[in-house]
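1. Kindly return the folded structure for what I paste below:
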Amino acid sequence: MQTEIIIAGFGGQGVLFAGQVMAYAAMDAGREVTWIPSYGPEMRGGTANCTVIIADEEIGSPLVLNPRAAIALNLPSLEKYEPLVVPGGVLVANASLVNRPPLRTDIESVFIPANGIAEELGNRRLLNMVALGALLAKLPVLSLDEINKALEDHLPERHKKYLELNKQALQRGAEFALQTVA
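-> Presented below is the predicted three-dimensional model:
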C-alpha cells in the first residue's frame, strides 16, 4: 500500500519539518519513503510545501498529483490542494489562518485551530505538530508512538528542549480530530 501526503503553508510554519518527521518515522519503521521539500526564495513568510510518500513496497515515482491526504496551514494552500485530494481522502485545514472550512463533501475534513492550540501549549511554532496529530488521527498511516520515537531520535540537539511540547501538540491535534465529525 502507498500513501501520498502533501503538507503546505507559509515558510516558518514548520511545513518541511512535519514532513521530515513523518519520513523519519516511516523509515525507522522499515517502510519505503520519499520526502521532497519545496519552498520559495523567501523561506520565512513565502510558500512552502513538501510531499511525503509512505509505502510497503518500492516507490515508483516521487511525484504526487492527487494525494490521499493534505495539510493546509494557510488559505492559499487550502485553495491549491483541496481540489487535488482523492475522493475519500483526508484534508486538515488550519482554522486559525483560514477563513473558510474545506468545501468538499467527498473527503474527510478537519478544520482545526492549530495556531490557537499551539499557543495554549505555550509555543505557536507547535502548530505543525498539532496539524500532524490531527491528520494521523484520521489517516493512521503512522502511529503517534512512531512519530514520538522519530522526534526522540531525530530532533536536532538544540531543539530537544521542545520534545515534550511536540509530543503534547501531536496528542492535542489527534484528540481534536477524533472529537470532530466530518
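
2. ranges for the helices of this structure?
-> Ranges of helices within the chain are 15-28, 75-81, 114-120, 127-138, 144-154, 163-179, based on DSSP state H.

3. Please state the offset of the third one from the chain centre?
-> Computed by Cα atoms, centre = their mean, to the nearest Å, the separation of helix 114-120 from the middle of its chain amounts to 15 Å.

4. what comes into contact with it?
-> 73, 94-97, 124-131, 134, 169, 172-173, 176 (Cβ atoms under 8 Å, 6 or more residues apart in numbering). In this view, the C-beta of every residue, glycine as well, is placed from N, C-alpha and C.

5. Look up how far residue 82 lies from the residue lying closest to residue 53 once chain neighbours are set aside.
-> Using Cβ to Cβ, 6 or more residues apart in numbering and skipping the chain neighbours, the partner closest in space to residue 53 is residue 34 (4.5 Å). From residue 34 across to residue 82, the span is 23 Å (Cβ to Cβ, to the nearest Å).

6. how near is residue 177 to residue 130?
-> The value you get for residue 177 to residue 130, if Cβ to Cβ is used, is 10 Å.

7. okay, the residue nearest to residue 53: pLDDT?
-> The score at residue 34 is 97. That number is its pLDDT.

8. Same check on the one 4 residues further on?
-> Residue 38 is assigned a predicted lDDT (pLDDT) of 88.

9. Repeat that for residue 168.
-> Per-residue confidence at residue 168 stands at 97 (pLDDT).

10. quick one, what contacts it?
-> Residue 168 neighbours (Cβ under 8 Å, 6+ apart): 121, 126.

11. Check residue 153 too.
-> Contact analysis of residue 153 by Cβ under 8 Å, 6+ apart lists 24, 28.

12. Mind listing the residues bridging to the residue nearest to residue 36 when sequence neighbours are not counted?
-> Nearest non-adjacent residue to residue 36, counting by Cβ to Cβ, 6+ apart: residue 51, 4.9 Å away. Beta bridges link residue 51 to residue 6, residue 36, judged by DSSP bridges.

13. that older thread, overlap in contacts, residue 177 and residue 130.
-> By Cβ under 8 Å, 6+ apart, the residues touching both residue 177 and residue 130 are residue 112.

14. More neighbours: those two, which one.
-> Neighbours were counted for residue 177 and for residue 130 using other Cβ atoms under 10 Å; residue 130 has more, 34 against 24.

15. on that earlier part again, burial count for the residue nearest to residue 36?
-> The burial count for residue 51: 21, using other Cβ under 10 Å.

16. need the contact list for it.
-> Taking Cβ under 8 Å, 6+ apart, we find residue 51 in contact with 4-6, 19, 34-36, 38, 62, 64, 67.
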